[in-house]
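Student: coords below, sequence missing:
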């Protein structure tokens, strides 16, 4: 994401945290900057002292000294340009080397030991702006969409030929659209292969894994149940799921806690996840059986920690109240009214037409490689409330239009879906609240072999879906937002 967008979302996230969480984030930032300072000295003793104090497992690798010397010699001293907070427990330090080249230092903190560093990695480019060349629309007259489309196609085609992009791109205008209709689609094309084994090309009809954009769909479903009077933000987990296998969670977690990643529930990505065959993770019950009994990481409402599992619990709540399986509820109450006829949840271990295969450069151990692998061994077989629904780009545009047009939930709730309760909010149904702006918003998702971005700035809607590793969709969307009128 661009620095301005990252700063905006960081501000929103920090405003939503309580004082204790803000203090954690401030301390994490201090430690991340101290890592950069220790690295910049190039001194082994300075880095050893830092590691002993701040790393989760400082002595797990006896070869760190050799690696440190090599990288420190190659990179040299770093000047800090800024700090980004993209998500909880991850601090991104934007830095510049002696030659003026920018890079990002991603410092990841442990999910349980919040002030201990679990890992550090470098990424080229400060915020993605140096990752892709700019789209040149110089000399194109305003309103000349034929010329824009020609240049845009040549630009994306070049990226695809270099192996940097495979997926679909959609650009649409919303101004002047009649009520209940889509805005005018100005560009819609697909690139690369949906299935490399059989040389099947991506098409505009191809369904792509949209990752965590599925969480926004889950938020819509929860908001619908609140509108119907079947839930409130303060409904406790145990009131809906009395058999949930953790008494403390039943008694203290509310719907709003789950919605805001403030429940204290752990995320999936522990040893149990990697020990579980992906084909066995198919329903919300499958996840609750494994992660439901685990202890809470903190008292609900006292902190924030991103939790995919929390959204599986939201999905179980939807199922219990509606009497429908989560995918069936979404198909009837979200996809159908939004006109998303080609969207759905498709099993990766079963054949399905027009579904792109995800390809990742990470092997089964999560290590970067030069080869592309199918992502089926790193992703659950079937998606759910946490992610992995599939849509073509046009269906995502329909979802956006339906949400901002009040077709899925009343507009006051649409704001709740997009941003979550703001500081001081006690009731998401406050009809006097400002309606959501369809400009200046972004949805996104990413994981091994999938990258998705929906951006609405001051111009057209830009949607980029890719069946490759992130952040290619986000970076390409950045380029288009910057260049388009």
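Tutor: Thanks, I have it. This is a predicted model, so every value here is computed, not measured.
Student: From residue 158, how far out is residue 196?
Tutor: Applying CB to CB, to the nearest Å, the value for residue 196 to residue 158 is 20 Å. C-beta: built from backbone N, CA, C; applies to glycine.
Student: for residue 33, that is, sorry about that
Tutor: Residue 33 sits 38 Å away from residue 158, going by CB to CB.
Student: Just want to know which of those two has more residues nearby.
Tutor: For residue 33 versus residue 158, neighbours defined as other CB atoms under 10 Å are more numerous around residue 33 (17 against 12).
Student: is it fair to say the more buried one lies in a helix?
Tutor: Yes: assigned with DSSP: H, G, I helix; E, B strand; the rest coil, residue 33 falls within a helix.
Student: Let me see the contact set for it.
Tutor: In this structure, residue 33 makes contact with 80, 83, 93, judged by CB atoms under 8 Å, 6 or more residues apart in numbering.
Student: burial count for residue 341?
Tutor: By other CB under 10 Å, 12 other residues sit near residue 341.
Student: ignore the last one, residue 136
Tutor: Counted with other CB under 10 Å, residue 136 comes out at 11.
Student: so who does the residue nearest to it when sequence neighbours are not counted touch?
Tutor: Leaving out its chain neighbours, the residue that sits closest to residue 136 by CB to CB, 6 or more residues apart in numbering is residue 151, at 6.9 Å. Taking CB under 8 Å, 6+ apart as the definition of contact, the neighbours of residue 151 are 135-137, 140.
Student: can I assume residue 151 sits in a helix?
Tutor: Yes: Residue 151 sits within a helix when classified using three-state DSSP.
Student: and it, what pLDDT?
Tutor: For residue 151, the model assigns a pLDDT of 96.
Student: any idea of the pLDDT on residue 211?
Tutor: Confidence per residue is given as pLDDT, and for residue 211 that number is 94.
Student: pretty sure it contacts residue 453?
Tutor: No: using CB atoms under 8 Å, residue 211 is not in contact with residue 453, being 9.8 Å away.
Student: More neighbours: which of the two?
Tutor: In terms of neighbours (other CB under 10 Å), residue 453 is the more surrounded of residue 211 and residue 453; the figures are 30 against 27.
Student: That one touches residue 480, doesn't it?
Tutor: No: between residue 453 and residue 480 there is no contact, the gap being 9.5 Å when judged by CB under 8 Å.
Student: list residues touching both of those two?
Tutor: Taking CB under 8 Å, 6+ apart as the criterion, residue 453 and residue 480 both touch 462, 464.
Student: got the contacts of residue 151 as a markdown table, with distance to residue 229 and secondary structure columns?
Tutor: As requested, the contacts of residue 151 are arranged in a markdown table below (distance: CB to CB, whole Å; DSSP: H, G, I helix; E, B strand; the rest coil):
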| residue | distance to residue 229 | secondary structure |
| --- | --- | --- |
| 135 | 48 | coil |
| 136 | 54 | coil |
| 137 | 50 | coil |
| 140 | 52 | coil |
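Student: For ChimeraX, write the selection for the buried entries among those residues.
Tutor: Selecting the buried subset of those in ChimeraX, with 16 or more other CB atoms under 10 Å as the burial test, is done by:
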select :135,137,140
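Student: Could you dump the contacts of residue 151 into TSV with pLDDT and distance to residue 54 added?
Tutor: Formatted as TSV, the entries for the contacts of residue 151 read as follows, by pLDDT from 0 to 100; distance: CB to CB, whole Å:
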residue	pLDDT	distance to residue 54
135	92	41
136	91	44
137	91	46
140	89	51
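Student: Serialize the contacts of residue 151 to JSON lines and add fields for distance to residue 223.
Tutor: What follows is the contacts of residue 151, written out as JSON lines (distance: CB to CB, whole Å):
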{"residue": "135", "distance to residue 223": "36"}
{"residue": "136", "distance to residue 223": "42"}
{"residue": "137", "distance to residue 223": "38"}
{"residue": "140", "distance to residue 223": "41"}
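Student: Only the buried subset of the contacts of residue 33, as a ChimeraX command please.
Tutor: Restricted to buried positions by 16+ other CB under 10 Å, the ChimeraX selection for the contacts of residue 33 reads:
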select :83,93
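Student: now, which of the contacts of residue 33 sits nearest residue 330?
Tutor: residue 83 (37.3 Å; CB to CB).
Student: Confirm that closest one sits in a helix?
Tutor: No: with three-state DSSP as the criterion, residue 83 is located in strand rather than a helix.
Student: per-domain residue ranges of this structure.
Tutor: Structural domains of the chain, as assigned by automatic domain parsing, span the residue ranges 3-124, 208-483.
Student: Quick one: end-to-end length of the longest one, please.
Tutor: The one in question is domain 208-483. The separation between the terminal residues of domain 208-483, taken as CA to CA, to the nearest Å, is 25 Å.
Student: so what's residue 446 up against?
Tutor: Residues counted as contacts of residue 446 (CB under 8 Å, 6+ apart) are 211-212, 452, 469-471, 473-474.
Student: Listing partners with orientation, what would you give for whichever strand or helix holds it?
Tutor: Under the assignment given by DSSP states H and E, the secondary-structure element containing residue 446 is strand 441-447. Within its sheet, strand 441-447 is paired with strand 450-456 (antiparallel), according to DSSP bridges.
Student: Using TSV, lay out the contacts of residue 446 together with secondary structure and distance to residue 37.
Tutor: TSV is the format used below for those (DSSP: H, G, I helix; E, B strand; the rest coil; distance: CB to CB, whole Å):
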residue	secondary structure	distance to residue 37
211	coil	35
212	coil	33
452	strand	36
469	coil	31
470	coil	29
471	coil	27
473	helix	34
474	helix	29
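Student: Out of the residues you listed, which two sit at the greatest distance?
Tutor: 212 and 469 (14.7 Å).
Student: ok, which stretches of the stretch 301-450 of the chain are helices?
Tutor: Using DSSP state H, counting those that start in this stretch, the helices of the stretch 301-450 of the chain run over 308-322, 326-330, 336-338, 393-404, 411-419.
Student: Can you point out the buried residues in the fourth one?
Tutor: Counting neighbours by 16+ other CB under 10 Å, one finds that the buried residues in helix 393-404 are 393-404.
Student: For residue 232, state which of these is nearest.
Tutor: Sorting the buried residues of helix 393-404 by how near they are to residue 232, with CB to CB, puts residue 403 at the top with 21.1 Å.
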